[in-house]
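# model this:
(one chain, ligands or ions: 1)
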Amino acid sequence: MRAFVTGISGQDGSYLAERLLAEDVEVHALAHDAEPLPDVPDVELHRGDLTAVDEVRALLVDLAPDEVYNLAALSSVARSWEEPDLTARVNGVAAAGLLESALLVQEKQGRPVRFVQASSAEIFGQPDRSPQDESTPVRPVNPYGAAKAYAHLMVDVYRRRELHAVSAILYNHESPRRPDQFVTRKITSTVAAIARGRAGVLALGNLDARRDWGWAPDYVDAMVRAARADVARDYVVATGVGRSVREFVAAAFARAGISDWEPLVVVDPEFVRPADPTELVGDATLARTELGWSPTVEFDELVGRMVDADLAGQ
Ligand code: GDP
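Numbers count the residues shown, from 1 in each chain. Next up, the predicted model:
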């Protein structure tokens, strides 16, 4: 079996590559020139730009993969306000090109190609119900969410053309491999630095934002299950438990053995976003019942693993 993965150098790409290689799947990945080489040996790397749709199509036809995982994205919601057009091209239009190419491979080969789009809870914007599920209206509130929403809708369009296309609506998923630009890793790395006497304060934006934080390898597992399920459909992938940024901060300091943390945290307007969903919590009942999926790491354990990794690394 052969898989084609975009976004290989990201958190999810590295976990997915490890998972597929362990199953003896041949893993091919697309990475652009500026992208660091993935940490996973045995991945066959192809240099190219996802937005160069014709080149990607030629590569895909040549490789004729059985599974395509589109994880590539400009992943920062905050940065999407600075580069809305680039975000649209990478997170939206490129997915459309990849879907078309996957369908072409399927038609040429005369066998199914399975396609998984890494979608995002941000497609729901500021939903008026919580938790959200697959029937929640798609109504994004930032350029990142709007671009992901377009890709999400195109998955449905191609599913109607007989492609086994799945949109995995991923809620926030974290690990020690999460980059510092995300609030969880920013918190755990700064808390570790404070515990080591290398930093004085933790500067954050909205402490009241609530997110549904899960363990990244679990979310990769959901994507693989969805690719291989008998029926192609969209799935919310989430723990169902919402926590505030403040709760994450408290748990991280507790793990590092610091109880009086409030004086160590400051709110900096630089990190407060123009339009930020206040509460995103997902209902993954469908993934549980149809895919036999469930999250394996709860909140305190997740925070603990990230803080421990940062303490060990500093
Ligand atoms: P996102 O949900 O995909 O945008 O993931 P992030 O980890 O970047 O942000 C999660 C939530 O934390 C959002 O509601 C942010 O507004 C909030 N937040 C509060 N302070 C910060 C901060 O300093 N950095 C980041 N990245 N997010 C912050």
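# What is the neighbour count of A17?
Counted with other C-beta atoms under 10 Å, residues neighbouring A17 total 25. All C-beta atoms are positioned from the backbone trio N, CA, C, and that covers glycine.
# Correct me if wrong: it contacts E44.
No - A17 is not in contact with E44 according to C-beta atoms under 8 Å; the separation is 10.4 Å.
# Tell me how this protein divides into domains.
Domain segmentation of the chain under automatic domain parsing yields 2-173+214-237, 176-211+241-278+297-313.
# Mind listing what's buried along the strand or helix carrying R57?
For R57, the host element (DSSP states H and E) is helix 53-63. Of all the residues in helix 53-63, those buried under the rule 16 or more other C-beta atoms under 10 Å are V53, V56, R57, L59, L60, L63.
# if we can go back for a sec, joint contacts of A17 and E44?
Here A17 and E44 have V27, A29 as joint contacts, going by C-beta atoms under 8 Å, 6 or more residues apart in numbering.
# quick one: contacts for A147?
Counting by C-beta under 8 Å, 6+ apart, A147 has contacts S80, T87, A88, V90, N91, G92.
# any idea how far the ligand is from the fifth one?
Looking back up the chat, that one is N91. 12 Å (C-beta to the nearest ligand atom, to the nearest Å).
# Now for S75, how many residues are close by?
So S75, with other C-beta under 10 Å, has 22 neighbours.
# err, P274, not the other one
So P274, with other C-beta under 10 Å, has 8 neighbours.
# And the helices in the stretch 101-250 of the chain, which stretches?
Using DSSP state H, counting those that start in this stretch, the helices of the stretch 101-250 of the chain run over residues 143-159, 183-195, 216-228, 245-255.
# of these, which approaches the ligand most closely?
Closest approach to the ligand among the helices of the stretch 101-250 of the chain (C-beta to the nearest ligand atom): helix 183-195, 3.5 Å.
# which residues touch that closest one?
So helix 183-195 is in contact with 172, 174, 176, 178-180, 199-202, 204-205, 213, 245, 248-249, 252-253, 255-258, 264, 303, 306-307, 309-311, 313-314, going by C-beta under 8 Å, 6+ apart.
# ok now that helix, how far from the chain's centre?
Counting by C-alpha atoms, centre = their mean, to the nearest Å, helix 183-195 is centred 21 Å from the centre of its parent chain.
# And stretch 27-47, by the same measure?
On C-alpha atoms, centre = their mean, the centre of stretch 27-47 falls 18 Å from that of its chain.
# Kindly report the same for stretch 230-242.
13 Å.
# swap in stretch 133-147?
Relative to its chain's centre, stretch 133-147 lies at 15 Å (C-alpha atoms, centre = their mean).
# same question, stretch 163-176
6 Å.
# And stretch 292-300, by the same measure?
16 Å.
# Next up, phi/psi of L21, please.
phi -60, psi -40 (degrees, to the nearest 10).
# and the gap between it and the ligand?
27 Å.
# What's the local residue count around that residue?
By other C-beta under 10 Å, neighbour count at L21 equals 16.
# Can you name the residues of the chain that neighbour the ligand?
77, 172, 181-184, 186, 204-206, 209, 211, 245, 271, 273, 276 (C-beta under 6 Å from any ligand atom).
# Just to confirm, which residue in the protein is farthest away from the center?
Most distant from the centre of the chain: D260, at 32.9 Å, with distances by C-alpha atoms, centre = their mean.
# What backbone torsions are found at it?
Dihedral angles (degrees, to the nearest 10) for D260: phi -90, psi 80.
# pretty sure V93 is touching T51, no?
Yes - V93 is in contact with T51 according to C-beta under 8 Å; the separation is 7.0 Å.
# Look up the closest residue to the residue of the stretch 1-150 of the chain found nearest the ligand, ignoring the ones flanking it.
Of all residues in the stretch 1-150 of the chain, V77 sits closest to the ligand, at 3.7 Å by C-beta to the nearest ligand atom. Nearest non-adjacent residue to V77, counting by C-beta to C-beta, 6 or more residues apart in numbering: Y144, 4.5 Å away.
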